[in-house]
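Asks: Sharing a model prediction with you, sequence too.
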Amino acid sequence: MSAPTRQLCKLSIGKSGITYDLASLDPESEARVIVGFSTQFDVVTCCSTPTGYDFQLTERSQVHLGSNTSTKWLLDRLYGCLLPQLRASPIPLASDGCIINFPRIELLLNGKLEWVADQLGWQYVRSEADGGMSRPQKVRDILSAFSTAVLPEDFRLDLRDDTAQLRTPEQCVVQGDFEATVFRLAVHDDAVYSSLCKAMPSGACAAIYFDKIQEKSRKLLADFDIYCQTGQRPDSGTSVSVANIIRELRHNVDQIQWNITARAPHGMEGAAKALVTLLEDICIRNKDALDGNLWGQATLQGEDEDQRNLYYQLVGRTDETGECFILDTLEQLQGADLHQFRSKLQAILHKNEVNRAPRAFILKLNMLVRRAESGGGE
């Protein structure tokens, strides 16, 4: 076989099904490219960053997208997803191993990483610069997910390691504190972090979080109801003053709002459920919380009946506050996320019309009902 014939036969098939013509490569470059295309990695998470795209791989350091040999497998998968027509015929590679006469993958990925991740079964997450969580926050989120009640923002507040403070695995050990040791290892060791992310994916963490915060609001209202009706305070020692209940409910909604941004696209239906359920619970409380109480109380701390009316305080004062409680957060969600709750939202709208809620509240709620109704086709 002649040298030109041998050159034409130098082909390599990537995992994507694309065939690459290696004729222009020297033997050393050819060997590196073949290894690069044939090596298999497991992408744990991927995200967009201000300087490009990051891919967290199992048992390997995070890869920032580039054209070096170590990411050939990754580039092959991305090109195969974004340009499936490349499978039609062998694609020539330049002497540096890059595809000739095709846009750089960074340009092709612009605005499409979330779609690509969905196509390839990878976890897409938001980077910290894009409103997502920092690595310590993600680790806290994962570890708290194994608790039945503790939220990430309340989990081991003494654990505050920073990725900028480098630690060896040995330096991550906290004598007598397994939780703190795992936290430090996951913050500083990519292999440990990747394993945790794989064991507790972002979608699972999001679902667990929104379930927990929904239960937190439910218990807060249940404790308040019991106290108002019987005078019995909760064993947890939580303050059941009207002011604290309102403050805590607002805080919970604020936390849901932050987590919608930080966790997107994961957990959106869970967020919608937590918000709609809380809105239902508030809308049935358009009354003096002490009505019909069994311990003869006329007031809790000298407040009047409007001040004890949770519905009035959270919804009825919309014109004064300029905020639509819960609705401002629901507005962040897409119709597809709200669609399964359309009947509940319709019932809530009717209830608020009966309650003669402020006009601004009714208008925004009506808009959300329409969004939910039309969201089935998204």
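Replies: Thanks, I have the structure now. In this text the structure is predicted, and so the values were computed from the model without any measurement. Numbers count the residues shown, from 1 in each chain.
Asks: quick one: the residue most central in space within the chain and Ser202, what's the gap?
Replies: Nearest to the mean C-alpha position of the chain, counting by CA atoms, centre = their mean, stands Arg263 at 1.4 Å. As judged by CB to CB, to the nearest Å, Arg263 and Ser202 stand 7 Å apart. Glycine gets a C-beta too; all of them are placed from N, C-alpha and C.
Asks: what does Lys364 give?
Replies: From Lys364 to Ser202 the distance is 30 Å (CB to CB).
Asks: more crowded one of those two?
Replies: Neighbour tally, Lys364 and Ser202, criterion other CB atoms under 10 Å: the higher count belongs to Ser202, 23 against 18.
Asks: what's near enough to touch that one?
Replies: For Ser202, the contacting residues are 45, 123, 125, 263, 266, by CB atoms under 8 Å, 6 or more residues apart in numbering.
Asks: Correct me if wrong, but the first one is in a helix.
Replies: No: the assignment for Thr45 by DSSP: H, G, I helix; E, B strand; the rest coil gives strand, which leaves it out of any helix.
Asks: Hmm, Leu196 and it touching each other?
Replies: No: with contact defined as CB atoms under 8 Å, Thr45 does not count as touching Leu196 (11.0 Å).
Asks: re earlier: just the contacts of Ser202: which are in strands?
Replies: 45, 123 (DSSP state E).
Asks: isn't there a helix covering Gln171?
Replies: Yes: using three-state DSSP, the secondary structure at Gln171 is a helix.
Asks: Can you give me every residue that contacts Cys81?
Replies: Cys81 touches 16, 116, 119-120, counting by CB under 8 Å, 6+ apart.
Asks: Run the chain-centre distance for the helix or strand hosting it.
Replies: Per DSSP states H and E: Cys81 is located in helix 72-82. From the chain centre to the centre of helix 72-82 is a distance of 25 Å (CA atoms, centre = their mean, to the nearest Å).
Asks: Report the rounded mean pLDDT for that helix.
Replies: Computed over helix 72-82, the mean pLDDT rounds to 89.
Asks: Could you export it as CSV, CA atoms only?
Replies: The C-alpha trace of helix 72-82 is given here as CSV (Å, rounded to 0.1, in the frame of the first residue of the first chain):
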residue,chain,number,x,y,z
LYS,A,72,-11.5,15.5,22.5
TRP,A,73,-14.1,13.1,23.7
LEU,A,74,-16.1,16.0,25.1
LEU,A,75,-15.8,18.0,21.8
ASP,A,76,-16.9,15.0,19.8
ARG,A,77,-20.1,14.5,21.9
LEU,A,78,-20.9,18.2,21.6
TYR,A,79,-20.3,18.4,17.8
GLY,A,80,-22.3,15.3,17.4
CYS,A,81,-25.2,16.9,19.2
LEU,A,82,-25.0,20.3,17.7
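Asks: Sheet partners, orientation included, of the very next helix or strand once past that helix?
Replies: Later in the chain than helix 72-82, the nearest helix or strand by DSSP H and E is strand 91-92. Sheet pairing of strand 91-92 (DSSP bridges) gives strand 19-21 (parallel).
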